[in-house]
Each structure stands twice: as C-alpha cells, then as structure tokens.
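Visitor: Return a 3D structure for these sequence lines:
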Amino acid sequence: MNDRYDAGAAEYGADQYELVGYDEYGRPVYRQAPAQQAQQQTYDPSYGQQGYGYDPYATGGHQPPPSYDPYATGQQPPAPAQGSYGSYDPYASGDAPGPHTGGATTAPYDPYGENASSGRQPRVAEQTPYIPQQAGPPAEPEAPADRPEPEYRTEQFSFVEEPNDDSEDVIDWLKFTENRTERREEARRRARSRVVALVVVLALAAVTGVGYLWYAGKLPGLSSADSKTGTATAAGAQKRDVIVVHLHDTKKGGTATALLVDNTTTKRGTTVLLPNSLVVTSDDGTTTTLAKSVEDDGSDGTRDALDSVLGTDIQGTWRLDTPYLQNLVDLVGNIDVDTDTDVPDPDAKKKGEAPLVNKGQDQTLSGKMAVAYATYRAPGEAQNAQLERFGQVMQGVLRKITSDPGAATTTIQTLGQILDPSLTDKDLGTFLAGLSDLAKGGDYKTDLLPVQADGTLSAQASAGIVKDVLGGTAKSPDKDAAVSVSVQNATGVKDNTEKARVVLLNGGFTFLDGGTASATRAASKVTYADAADKENATEVAKTLGLPTSAVTKGKATPNANVTVVLGQDYRPSS
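Guide: Numbering: from 1, shown residues only. I've put the predicted structure just below:
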C-alpha cells in the first residue's frame, strides 16, 4: 500500500511533496521538498482529458490530485506540478507510460504501500513531516449514485465468532429430549415400585386374613362340622376374660350363679348360667353341688371348683347381693326386659293386688322390679327358670351401663359394696364397660349350661358351651395337681358309684360324678383323649381293679382327664 502511494507521489510531483508515512487512521502523511516549499503548483487540466486521474471508475470528470484517502475525509495534499504526472495504476498491475514522460517507465502507484515490482523509487529526504490538519473523526462520504460499491479485501477485516440462535435451539432441543427420556425412565421405575408394593400388601393382607380365620377357628376344614380336633384347638387358643357372679337373695335366701365371658378374640360376649345342681369337687376331693359350694366354700373355693369342672380360668368373683342389684339398676336409669311371667309384689299385704312386674315385651323395670323379677320362682317351677330371669336382668343392665371405663368405674364405686380382693373397682368397671359395648352392638347372648338330673355334665349337651364358649377343653392340671376322673355307673348297682369314688380318692385322684347310665353294659371302659394321659388312664384302671385292656384312646368327658364307664365286670374292693 505504501508503494502505491509512493508511486502516485512520483507521478504527480515527487519533487515537491514526499510521502513519509501514515497516521493512526491509515491516511498518507506528506512533507514538502526543500527546493519547492514556496512554489505554488497548478492543476493540469489535461489530466482529466487524458483519463489518467484518481477516478478508477473513468467518470470523465476532473479529479483531485492523486492523494489516496480511503476514509474520504475531504483533506487532500497539494496538487503536483504540471508535466510530472505519471502512469496511475490503482491496483498495482504493472508499469504504464505516461503522456508527459515521453514513454518513460515510472514507478507504479500502490495505494496499500506495497513495494513496486519495477520503476524508480524516489528518495525521501530527512525533513520534518507534514501532517495535514485533522478535524476529528472522519465523516462518511456521500458516494455518487452511479458509483459502484468499493471492493474490500479480507485482510482488512477481523472476524469474531458469535453464537448463533440456531445453535442455542439445538442445545435446548437436546436438553429437552434428554430430560424427557429421564422422566420416562423415572416414571417406569415408579410404576414398577408401585406394582411391587401392591403385591406385597396383598400378600400380607392374605396371610393376615388366613391367620385370623385360623386363630378364630373359622377356616374351612377346621369348623366343628369338619374337624372336631381343629375346633378345639382354635377355640382353646382364643383369649377370654371371665368373671363369676353370685347373686345372693338377702330376703328369701338362696343364690344364683352366672359366668360373664368376654371373648376378646372373636369380639363376642356371653352370660353362661350355671344351675345350682351342678356337681363340683370340693377342696378335700369330695363332690358337692354348686349351691352348697357357694355357701360352704365361699368365693375362692367355688372359683377353683368351677375351674376344675369347666376347664375355665376365672379372673375374679363378684358377689352381688340383691340390695346392690337394686341400686345398680336405679343408677343406670332402669332397664328394658321381655318378661315371661307376672311377678307379684313381695311387699304386698293383700292377695289379689296388681303384680309388680307385668308379663310382656320391652317392660321397663326399676331397681325394685328388676330384683323381684331376677329372684322370682313360681311354686313347683325348676330353678333354671329363675336362673334365666336373672340372666335377662344382667343383660339388661349391660345394655344400659356406660361403655366408658372411667364412668363405669365411678358407677361401681357409687354402689359402695365390698368386692372380693381379687377384683378391684377399676377392674370390674372396665370389664363391664367392655361387655356393655358388645351388648349394645348385638354381639352378646345368654346361654344356659345344660346339666343332667343328677347334676353332672352331659358330654353331648355341654360340648358346645364348654368348648366354644369357655375354651373347648378342661383346664390342664398343674404339675402337682391330681388327675381328674369322671365315673359313670353302668353296672345297674347304684352303690357302686360311691365305692368307686372312695377308691379313687384314696388313690390320689380327683373324682367327678358322671351320673348313672340309662342302660347297663357288660364290660367296663377307661378312655383318655390326650396321649399324655395314657399312663394315668392305666393307673386308674389298676386302682379300680379293671384290666389294662379296658384302656383305650377316645373321646373323654370335657372336664376330666380320664373317663370311666363302670360295667358289670367291675368288682368293688372290700
């Protein structure tokens, strides 16, 4: 580029002005030659006519001196002298003869200051450079309308690589597709986790349901109709809370006994009525009736006797005298009972007065009326009839008493009665509140324990209550407890029962009277149900003088370890 400007200066008066360099904007800087500093130069009009001028586009007009200003600031160097114009080649294409040089070759003009390939180069004298006056930033020139756009070379520009909007879109799309894939994978993992959790929950629910049905004895194949052994095991595994209640009639005398059973496994409650004729074993091993045991042995002795006979586990005894029953009914606000008979007023002075309790359904009974109905027994009527009325009154009380344990305890404390040491006010109140909840929900019933005429339990008649309600089997005796033996007399001789009882008591066994068989039998039979009692059954047979061949495994009486049926081959010892 410098060579081109040097060539132009040589063509248009190199002896007057010399190019010495470029300023910071790339414009040429000249200085005046020493010999021509005061000489005024004129412009040769023939320059434009010859076509050798600055105008590279050959417009034909007069052009200013060939001082190349790429930024078009409007400032031009002084015009060269006439007759000194050289050949002007703006693109440095080579040497060209000028019209005033007589065909002499001159240095080509290189606007970018590049060295010319041929021609004479002027010498530059060491003088002070001339710097044209600068008036601030260069102004943009107004290009002629017919002037073509200038050409630029790539080395004049510097390129900066900037981000493209398309590249940002591509990056965003990649991120979106990647996130969507991850979300789909995460959704699949969550779905698999839910399926696994659901399968585990269903399996646990199935196992729990089957376990509960097995525990409650409700699984098909373990019911009483399918498997008696399965029923006994399932019923025995159930948890029960049992309290015995003795109603004492303080005016007429006599007692009535019932068991209050709360089966916490099946969520059912039951009142089991015990006839006074039930035969139980006293502490000394002798047999007696339930009524006589209550009078003679008291609460503790009777409770143990009932445990032995029924195979129960009674937690406490509630002695309920008739005055306390009357107060209890009044405290709960009367009771509603379906009465089965008219009950006269025991305090009536004249006969023929209106009954105190009328027969009918949903009869509202006060405390006095409830006591009269619970203790009433018509002339010639069996004791079981009066016992069932007592059961109705008890169930009516349970339906009216509060289900709140704290409030029920307060009700019991208000009675002011003295309870058995084994049963506190709080225990009794909590127990009655639980039964009240069952009675109000319809999960409560009253059953009468069937007893034969001689006071013994019938295996067929008592099996349902003893097994299903009270636990299924007799209570297992303690390690040092005597083996209980139930004896049924089928010899045809009534006195043989007493003789067998004495022999067994002397042999260390507990005697249970199994009554008298309806028909005699020739051979005696000794039966045990549990394999652990086989040896005991053999000892019983030897004690009674019976052959060991009479011992067999089979169905025994529910409340005894060994059952003996005495036949005509039995010979009592003297």
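Visitor: pLDDT-wise, which helix or strand of this protein ranks last?
Guide: None of the helices or strands of the chain scores lower by mean pLDDT, DSSP states H and E than helix 46-50, at a mean of 42.
Visitor: what pairs with V272 across the strands?
Guide: L259, D447 (DSSP bridges).
Visitor: number of nearby residues for it?
Guide: Using other C-beta atoms under 10 Å, V272 is surrounded by 23 other residues. Placement of C-beta: from N, CA and C, glycine included.
Visitor: Next one: it relative to L428, how far apart?
Guide: 18 Å (C-beta to C-beta, to the nearest Å).
Visitor: and stretch 406-415, which residues are buried?
Guide: Buried positions in stretch 406-415, judged by neighbour count with 16 or more other C-beta atoms under 10 Å: 408-409, 411-412, 415.
Visitor: Now do it: everything it contacts.
Guide: 324, 327-328, 331-332, 401-402, 425-426, 428-430, 432-433, 436 (C-beta atoms under 8 Å, 6 or more residues apart in numbering).
Visitor: 6 Å instead?
Guide: With contacts defined as C-beta atoms under 6 Å, 6 or more residues apart in numbering, stretch 406-415 is touched by 324, 327, 331, 401-402, 425-426, 428-429, 432-433.
Visitor: could you dump the residues you listed to CSV with distance to R27, secondary structure and neighbour count?
Guide: Formatted as CSV, the contacts of stretch 406-415 follow (distance: C-beta to C-beta, whole Å; DSSP: H, G, I helix; E, B strand; the rest coil; neighbours: other C-beta atoms under 10 Å):
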residue, distance to R27, secondary structure, neighbour count
Y324, 130, helix, 21
N327, 129, helix, 17
L331, 123, helix, 16
I401, 119, coil, 25
T402, 114, coil, 17
D425, 120, helix, 17
K426, 115, helix, 14
L428, 121, helix, 22
G429, 117, helix, 22
L432, 119, helix, 26
A433, 113, helix, 21
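Visitor: What is the nearest of the residues you listed to T265?
Guide: Proximity of the contacts of stretch 406-415 to T265 (C-beta to C-beta) peaks at A433, which lies at 18.5 Å.
Visitor: Do I have it right that the closest one meets S403?
Guide: Yes: counting by C-beta atoms under 6 Å, A433 does reach S403; the two are 5.3 Å apart.
Visitor: helix/strand/coil for A191?
Guide: helix (DSSP: H, G, I helix; E, B strand; the rest coil).
Visitor: Can you read off the pLDDT for it?
Guide: Confidence at A191, expressed as pLDDT, is 82.
Visitor: From the contact counts, what lies against the host helix or strand of A439?
Guide: Assigned by DSSP states H and E, A439 falls within helix 425-440. Under the contact criterion of 3 or more C-beta pairs under 6 Å, 6 or more residues apart in numbering; DSSP states H and E, helix 425-440 touches helix 383-400, helix 405-415.
Visitor: go again using 7 Å as the cut-off
Guide: Other elements packing on helix 425-440 under the criterion 3 or more C-beta pairs under 7 Å, 6 or more residues apart in numbering; DSSP states H and E are strand 255-263, strand 268-274, helix 383-400, helix 405-415.
Visitor: Would you mind getting the angle between it and strand 268-274?
Guide: For helix 425-440 against strand 268-274, the angle by axes from the mean of the first three to the mean of the last three C-alpha atoms, to 10 degrees is 110 degrees.
Visitor: Start at 550, not 1
Guide: Yep, numbering from 550; the last one is helix 974-989 now.
Visitor: In PDB, list the C-alpha atoms belonging to helix 974-989.
Guide: Taking C-alpha atoms only, helix 974-989 is exported to PDB below (Å, rounded to 0.1, in the frame of the first residue of the first chain):
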ATOM      1  CA  ASP A 974     -63.500 -51.400  91.400                       C
ATOM      2  CA  LYS A 975     -61.400 -50.300  88.400                       C
ATOM      3  CA  ASP A 976     -61.100 -53.900  87.000                       C
ATOM      4  CA  LEU A 977     -64.800 -54.500  87.400                       C
ATOM      5  CA  GLY A 978     -65.800 -51.200  85.900                       C
ATOM      6  CA  THR A 979     -63.500 -51.700  82.900                       C
ATOM      7  CA  PHE A 980     -64.800 -55.200  82.400                       C
ATOM      8  CA  LEU A 981     -68.500 -54.200  82.500                       C
ATOM      9  CA  ALA A 982     -67.800 -51.300  80.100                       C
ATOM     10  CA  GLY A 983     -66.300 -53.700  77.600                       C
ATOM     11  CA  LEU A 984     -69.300 -56.100  77.800                       C
ATOM     12  CA  SER A 985     -71.700 -53.100  77.500                       C
ATOM     13  CA  ASP A 986     -70.100 -52.200  74.200                       C
ATOM     14  CA  LEU A 987     -70.800 -55.800  72.900                       C
ATOM     15  CA  ALA A 988     -74.300 -55.900  74.300                       C
ATOM     16  CA  LYS A 989     -75.200 -52.600  72.600                       C
END
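Visitor: Give me the angle between it and helix 932-949.
Guide: With the same axes, to 10 degrees as the basis, helix 974-989 and helix 932-949 are set at 90 degrees to each other.
Visitor: for the chain, what spans make up the helices?
Guide: Along the chain, counting by DSSP state H, helices occupy 551-560, 595-599, 714-765, 777-785, 839-845, 847-859, 871-881, 916-924, 932-949, 954-964, 974-989, 1008-1012, 1045-1055, 1083-1093.
Visitor: Any idea which of the ones you listed gets closest to E902?
Guide: Closest approach to E902 among the helices of the chain is made by helix 916-924 (13.2 Å; C-beta to C-beta).
Visitor: Just the CA trace of the closest one, in PDB.
Guide: Provided in PDB are the C-alpha atoms of helix 916-924 (Å, rounded to 0.1, in the frame of the first residue of the first chain):
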ATOM      1  CA  GLY A 916     -84.400 -51.400  90.600                       C
ATOM      2  CA  LYS A 917     -87.100 -53.000  92.900                       C
ATOM      3  CA  MET A 918     -88.900 -54.500  89.900                       C
ATOM      4  CA  ALA A 919     -85.600 -55.900  88.500                       C
ATOM      5  CA  VAL A 920     -84.700 -57.600  91.800                       C
ATOM      6  CA  ALA A 921     -88.200 -59.100  92.100                       C
ATOM      7  CA  TYR A 922     -88.100 -60.500  88.600                       C
ATOM      8  CA  ALA A 923     -84.500 -61.800  88.900                       C
ATOM      9  CA  THR A 924     -85.300 -63.800  92.100                       C
END
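Visitor: First-to-last residue distance for stretch 806-825?
Guide: This stretch, stretch 806-825, spans 7 Å end to end (C-alpha to C-alpha, to the nearest Å).
Visitor: related to what we said a few turns ago, including distance to R1050 and mean pLDDT, could the helices and strands packed on helix 974-989 go into a markdown table?
Guide: A markdown table is the format used below for the helices and strands packed on helix 974-989 (distance: least, C-beta to C-beta, whole Å; pLDDT from 0 to 100):
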| stretch | distance to R1050 | mean pLDDT |
| --- | --- | --- |
| strand 804-812 | 24 | 94 |
| strand 817-823 | 22 | 93 |
| helix 932-949 | 25 | 95 |
| helix 954-964 | 42 | 93 |
